[in-house]
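1. please work out how this folds:
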Amino acid sequence: MPPATHPSAASAYAADFVERVLADALNHGARVYAIAGLQGSGKSTLAAQVAARAGERGLRVAVLSIDDCYLGRRERAQLGRRVHPLLATRGPPGTHEVALACATLDALRAGGAARLPRFDKLGDRRLPPSRWPRLRAVDLTLFEGWFLKTPAQTAAELIEPINALERDEDRDGVWRGYCNQALAQDYPALWARLDRLLFLQPPGFEHVPEWRWQQERALQAASPGRAGMDRAQIERFVRLFERVSRQALARLPEIADWTVPVDARRRVLA
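-> Have a look, this model is predicted:
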């Protein structure tokens, strides 16, 4: 069997499932409907499909990712110098501008004009505001992200390194402690703005490196000539996400309003 490719907006999810997701949002009166799933799980694709279906019904929909609110390279570099070198790399809690995400969702909910921030992952930079799409009078906002509503861990849970990256590059636990504190203190204000949460539940974290590699290849194929990460860099990159990803796997099924299991090829199981 050939390797699975990263899902495209045209074919990732069956039309009946997309319709069920849209119905779940509308039937519960959600103005901000959240979709959580680990890296490469297809949450962005699902959001695009739901937005397209809603558009066919005459609804105005905004799609925003928590990734679009990453701090820029300069801000992360400063954070890396001030707190810990690993914070120069985007990804875990503490590397987002949470206030920007909150303000954007508030503007969308209010029904006036709003600009949607956008982040260039291949370029590892947030696009300038002049390039952000501008929307007005939105009926529904789809907000997607890999750790939405994931709770912080206890101090005891932070002690033991979860992988070689933590063991070798965060021996004193400063990086994971900073990320966990941010998750506990900064992100609940953002979570409070999410009316309903769907969690795409994968079989396990072991599938994430391959999924994220497929995503990277799709990004590079869509932008020929632009450099991205190679396989080894992706393997390292996902280790930055592992601790909070495993916390999401353990806790989100009891927190999400609707948990949908998917298999290793991202096929809906229920």
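2. would you confirm that Gln153 contacts Gln247?
-> Yes. Counting by CB atoms under 8 Å, Gln153 touches Gln247, with 6.0 Å between them. For glycine as for every other residue, the C-beta is placed from the backbone atoms N, C-alpha and C.
3. please name the nearest non-neighbouring residue to Leu140.
-> Val61 (5.0 Å; CB to CB, 6 or more residues apart in numbering).
4. hang on, the one you found packs against Ala51?
-> Yes. Between Val61 and Ala51 there is a contact under CB under 8 Å: 4.3 Å.
5. shared neighbours of these two, anything?
-> Leu142 (CB atoms under 8 Å, 6 or more residues apart in numbering).
6. need the pLDDT of the residue nearest to Leu140.
-> Listed pLDDT for Val61 reads 97.
7. show me what contacts the nearest residue to Gly72 once chain neighbours are set aside?
-> Nearest residue to Gly72, sequence neighbours excluded (CB to CB, 6+ apart): Arg126, at 4.9 Å. Contacts here follow CB under 8 Å, 6+ apart; on that basis Arg126 touches 68, 70-72, 117-120.
8. then Arg134?
-> 113-116.
9. just for the chain, where's the confidence low?
-> For the chain, the stretches with pLDDT under 70 are 1-11, 213, 219-220, 226-227.
10. just the helices in it please.
-> 15-27, 43-56, 73-82, 98-110, 164-169, 174-185, 188-191, 208-222, 231-239, 242-255 (DSSP state H).
11. okay, those in a markdown table with mean neighbour count and distance to Leu197 next?
-> Formatted as a markdown table, these follow (neighbours: other CB atoms under 10 Å; distance: least, CB to CB, whole Å):
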| stretch | mean neighbour count | distance to Leu197 |
| --- | --- | --- |
| helix 15-27 | 16 | 10 |
| helix 43-56 | 20 | 11 |
| helix 73-82 | 14 | 27 |
| helix 98-110 | 17 | 14 |
| helix 164-169 | 14 | 28 |
| helix 174-185 | 18 | 16 |
| helix 188-191 | 15 | 9 |
| helix 208-222 | 18 | 20 |
| helix 231-239 | 16 | 23 |
| helix 242-255 | 18 | 7 |
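12. need those in a markdown table with distance to Phe199, can you?
-> As requested, the helices of the chain are exported to a markdown table (distance: least, CB to CB, whole Å):
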| stretch | distance to Phe199 |
| --- | --- |
| helix 15-27 | 12 |
| helix 43-56 | 9 |
| helix 73-82 | 27 |
| helix 98-110 | 19 |
| helix 164-169 | 25 |
| helix 174-185 | 17 |
| helix 188-191 | 13 |
| helix 208-222 | 15 |
| helix 231-239 | 19 |
| helix 242-255 | 5 |
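13. minimum distance to Leu142: which of these has it?
-> helix 43-56 (4.4 Å; CB to CB).
14. dump that closest one to CSV, restricted to CA.
-> What follows is helix 43-56, C-alpha atoms only, in CSV (Å, rounded to 0.1, in the frame of the first residue of the first chain):
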residue,chain,number,x,y,z
LYS,A,43,-8.1,19.6,11.3
SER,A,44,-7.2,22.4,8.9
THR,A,45,-8.6,20.3,6.1
LEU,A,46,-11.8,19.6,8.0
ALA,A,47,-12.2,23.3,8.8
ALA,A,48,-11.8,24.2,5.1
GLN,A,49,-14.4,21.7,4.1
VAL,A,50,-16.9,22.8,6.8
ALA,A,51,-16.4,26.4,5.7
ALA,A,52,-17.0,25.5,2.1
ARG,A,53,-20.2,23.6,3.0
ALA,A,54,-21.4,26.5,5.2
GLY,A,55,-20.7,28.9,2.3
GLU,A,56,-22.9,26.8,0.0
